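> Give me a model of this one.
(2 chains)
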Protein chains: 2
Amino acid sequence: MNLFSLNYMDFEIKAKLKSSRARAGIITVPHGKIHTPYFIPVATSATVRALDQEDMNSLGAEVLLANTYHLHLKPGDKIIKKLGGLHKFMNWNRPLFTDSGGFQAFSLGYGMEHSINKLGTIFPEKKKAAEKQPKIAEINDDGVTFNDPSSGKLVHLNPKKSMQIQQNLGADIILAFDECTSPLSSYEYTKKAMERTHKWAKESLHHHKKSLIARKNKYKDKYGNQSLYGIVQGGAYKDLRIKSAKFISSLNFDGIAIGGSLGKSKEDMHRILSWVIQLLPENKPRHLLGIGEIEDIFKCVEKGIDTFDCVMPTRIGRRGSLFISPKSHGNLKNKFRINIKNLKYKLDRKPIDKNCECLACRKYSRAYMNHLYKSQELAYYKLASLHNLNFMLRLMEKIRDSICKSYFNELKNEWLKKY
Amino acid sequence: MNLFSLNYMDFEIKAKLKSSRARAGIITVPHGKIHTPYFIPVATSATVRALDQEDMNSLGAEVLLANTYHLHLKPGDKIIKKLGGLHKFMNWNRPLFTDSGGFQAFSLGYGMEHSINKLGTIFPEKKKAAEKQPKIAEINDDGVTFNDPSSGKLVHLNPKKSMQIQQNLGADIILAFDECTSPLSSYEYTKKAMERTHKWAKESLHHHKKSLIARKNKYKDKYGNQSLYGIVQGGAYKDLRIKSAKFISSLNFDGIAIGGSLGKSKEDMHRILSWVIQLLPENKPRHLLGIGEIEDIFKCVEKGIDTFDCVMPTRIGRRGSLFISPKSHGNLKNKFRINIKNLKYKLDRKPIDKNCECLACRKYSRAYMNHLYKSQELAYYKLASLHNLNFMLRLMEKIRDSICKSYFNELKNEWLKKY
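Numbers count the residues shown, from 1 in each chain, chains lettered A, B, ... in the order given. You can find the predicted model right below:
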């Protein structure tokens, strides 16, 4: 069985920095191109929260990431399949990622994992909270069984089922089913979870190949064809991360994602990425799951990451934090954010960020945004989300340009300089 | 003192039906033209709920109505004045109305009015609820004193203050301060409230004239100049409504609004409008406050109403009710609505309304809207509000055209035919 004849992804590296692993490229999948490094907005339930796909088009977003777990439960992946797949359902004609549902094994399985006393003692208050939580997930080598907290439904996920659900959804790029451990997990637990992730990686690949061949023979369709990324786990432990990076790289995945706990600090994260990335194949795109702080973006691009996804820009936006660039006094200390609910913005006629060309900045003042936030007007959530995502997408554009034209270090220094 | 030299509104009647009082015209105010009959979307806190002004531009909305009471409390009319007035604050460059805050005297004063036992016995469950409510407003001839339920602030409003607030906001068209009675109010109470409304009408006009002259001399500005509508009250009582229509018509208002209780049924409403409208001057625009059902729009246009405002389209939209036209099986029985949360829409690939060209109908299916609603996604509220308002604005367009081209009766019969 030759997977390469079924390869629906092309990844071309256009430029590489000499001073670091940073690189710019193009991922081509059936629904279009993704220019890397790229920040992928998260459309959890087939919509980026507070925005619709027309908004995402207006931002020039090239790709979105939707959540397998959420869509499996609501409206149901079979419903979406009947309606022609996720692209058609949400009317998004550009590339899509779906995650594997594995992250939910982490966030819902948290209580269970830690009630069996395998956690470190780093965040005692979290440990306490975890111990108090009822068992809502069971993880073993056969998969994960959840009690979905919002619907009460019992859900079982395993590699085969995750692949089936993701096939029903029909995203261009799908992820292998994995177990994501927490920063509190012991070496022993993290090792066990990594081994499970490796077993599941092979199973995910097996089910994916089988269905690709079946579909290729049956439909010869251009758009039904998906690419699969494997996920490197191993927590903050060097030998596990190295083992996992080597193992996942050895399999026939189209791309590699890095998941799981990245330690307790930014330094930990960068150390872990250094261990892992040097072992990954150059010719496959690398995705970093769930990371999105501006500082991290610069540093992880430098380490060789090609794509990111994170709900952070929309989530913090809804809570009042709006991004500002260095020209509007954004810096490491303020995390490139203003908090729009602050009294001092009540009479501020300036736009959120003077260099931003998003709808919110073109049309409205900080004073108006402060008012909308305080009045809990729904328009606030839209404008805040639009601004923060535009900010991220334009920043990534600049980062790509800086790699192609060799001024990445200057750009990074301008943004991350000491205040 | 000659008010006409200070008249900043022009109202031109372009067409009149022979078979009824229906008419089509153009109201011209400093920020632009309003083609009547018009349905004015309500931008309570300087934004139409779930939408921003760019959305309203995309719908071609000609005018919005904002709430004096809400803006007085948050962010404060003085803040808005400092920021250049309401148009600039919300970045809306077309005409604006503000109401007078008088309606809040009704909705907040409800408990007080009825705890002194002057109510009818029409809605016993409402009576009970009213009697249980604490006194949160006091109304006397000097004005209204509220305890604002959301902020706990003590607010005093009277004609002078309402005029001052509305001047600070700077809408093109403002309303006289009035007392709006409930359908439960007795004849005696309604009469007393009407007399108070008449006293306040003269006071509102007095303060308005004074400030117009002062500003004309001081600024000679084009945009600072406002037109004032008087409000006809009198509840469901014929002699009171006639008295009020005559009295308000006799004053030098730029337009006439009809407020207060319009009885207990659609028949009552139409009867009341017939009493009132025949007594109003032909050459002044007539606004019907707070009315917006599709059936009512047709029937009230027929009675001679020029403009309407109502939160209903956005409010019912947020709750799942989306408008459909007769061609999509909208009729009197279903009130031209589908309830998108209904299970039968889960697999419905059709747009909400097949004749609608709004963003929601152009891009998304009922199945997707059903999913967004059930997932409580913020995008739902935007798309639902956009659809329902587009539906109303396009219906009004058709109604105007039908008056100008004399097919109003056919249009009305097509929409309101028995099912």
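> Could you tell me which other helices and strands the helix ranked longest in chain A packs against?
Longest helix in chain A by number of residues, with DSSP state H as the criterion: helix A:187-219. Using 3 or more Cβ pairs under 8 Å, 6 or more residues apart in numbering or on different chains; DSSP states H and E, the elements in contact with helix A:187-219 are helix A:159-169, strand A:227-232, helix A:238-250. C-betas here are computed from N, CA, C, even on glycine.
> who's in contact with the nearest residue to A:Arg94 once chain neighbours are set aside?
Spatial nearest neighbour of A:Arg94, chain neighbours left out: A:Gly32 (4.9 Å); criterion: Cβ to Cβ, 6 or more residues apart in numbering or on different chains. A:Gly32 makes contact with A:62-63, A:93-95 under the criterion Cβ atoms under 8 Å, 6 or more residues apart in numbering or on different chains.
> domains for chain A, by residue range?
Domains of chain A are assigned by automatic domain parsing as A:3-98+A:161-175+A:184-306, A:316-416.
> would you list these in CSV and tack on distance to B:Ile80 and mean pLDDT?
Converted to CSV, these look like this (distance: least, Cβ to Cβ, whole Å; pLDDT from 0 to 100):
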stretch, distance to B:Ile80, mean pLDDT
domain A:3-98+A:161-175+A:184-306, 25, 94
domain A:316-416, 9, 98
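> I'd like those domains written out as CSV, with distance to B:Asn331 added.
Formatted as CSV, the domains of chain A follow (distance: least, Cβ to Cβ, whole Å):
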stretch, distance to B:Asn331
domain A:3-98+A:161-175+A:184-306, 28
domain A:316-416, 30
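> Identify the residue nearest the residue lying farthest from the centre of chain A in space, chain neighbours excluded?
The outermost residue of chain A, judged against the average C-alpha position, is A:Leu347 (36.7 Å), by Cα atoms, centre = their mean. Leaving aside its chain neighbours, A:Leu347 sits nearest to A:Ala367 (5.7 Å; criterion: Cβ to Cβ, 6+ apart).
> what about the one you found, which helix or strand?
Using DSSP states H and E, A:Ala367 sits within helix A:366-374.
> Kindly report the same for A:Pro281.
Remark: A:Pro281 resides in no helix or strand, with elements defined by DSSP H and E.
> isn't it right next to A:Leu251, touching?
No. Using Cβ atoms under 8 Å, A:Pro281 is not in contact with A:Leu251, being 10.7 Å away.
> neighbour count winner among those two?
A:Leu251 (16 against 13; other Cβ atoms under 10 Å in any protein chain shown).
> tell me the contacts of that one?
Listed by Cβ under 8 Å, 6+ apart, the contact set of A:Leu251 reads A:201-202, A:205, A:230.
> and if we set it to 10 Å?
A:3, A:176, A:198, A:201-202, A:204-205, A:228, A:230 (Cβ atoms under 10 Å, 6 or more residues apart in numbering or on different chains).
> burial measure for the closest residue to A:Val311 other than its chain neighbours, as a count.
Excluding the flanking residues, the one nearest A:Val311 by Cβ to Cβ, 6+ apart is A:Val42, at 4.7 Å. Using other Cβ under 10 Å, A:Val42 has 22 neighbouring residues.
> quick one: A:Val42 and B:Gly290, what's the gap?
To B:Gly290, A:Val42 is 41 Å away according to Cβ to Cβ, to the nearest Å.
> can you check A:Gly320 too?
Where B:Gly290 is concerned, A:Gly320 sits at a distance of 33 Å (Cβ to Cβ).
> swap in A:Ile174?
Distance from A:Ile174 to B:Gly290, counting by Cβ to Cβ: 52 Å.
> Compare neighbour counts for these two and give me the winner.
For A:Ile174 versus B:Gly290, the count of surrounding residues by other Cβ under 10 Å is larger for A:Ile174: 26 against 18.
> chain center to stretch A:186-193, what's the gap?
23 Å (Cα atoms, centre = their mean, to the nearest Å).
> Counting neighbours, which bits of that stretch end up buried?
A:186, A:189-193 (16 or more other Cβ atoms under 10 Å in any protein chain shown).
> In terms of secondary structure, what does the helix holding A:Ala367 contact?
If contacts are counted by 3 or more Cβ pairs under 10 Å, 6 or more residues apart in numbering or on different chains; DSSP states H and E, helix A:366-374 sits against strand A:321-323, strand A:337-339, helix A:359-363, helix A:378-404, helix B:77-82, helix B:86-90.
> Just give the closest residue to the residue of the stretch 301-419 of chain A at minimum distance from chain B, not the sequence neighbours.
Closest residue of the stretch 301-419 of chain A to chain B, Cβ to the nearest Cβ: A:Leu378 (3.9 Å). Using Cβ to Cβ, 6+ apart and skipping the chain neighbours, the partner closest in space to A:Leu378 is B:Ala50 (3.9 Å).
> Confirm that that neighbour sits in a strand.
No. B:Ala50: not assigned to a strand; according to DSSP: H, G, I helix; E, B strand; the rest coil it is coil.
> So what's the residue count around it?
25.
> Make sure A:Lys14 is indeed in a strand.
Yes. According to three-state DSSP, A:Lys14 belongs to a strand.
> follow-up on the earlier one: what distance do you get for the residue nearest to A:Val311 to chain B?
From A:Val42 over to chain B the distance is 13 Å, taken as Cβ to the nearest Cβ, to the nearest Å.
> Show the contacting residues for that residue.
Counting by Cβ under 10 Å, 6+ apart, A:Val42 makes contact with A:48-49, A:64-67, A:97, A:99, A:290, A:292, A:309-315, A:389.
> follow-up on the earlier one: indicate which one of the helices and strands packed on helix A:366-374 is closest to B:Tyr8.
B:Tyr8 lies closest, by Cβ to Cβ, to one member of those: helix B:86-90, at 14.3 Å.
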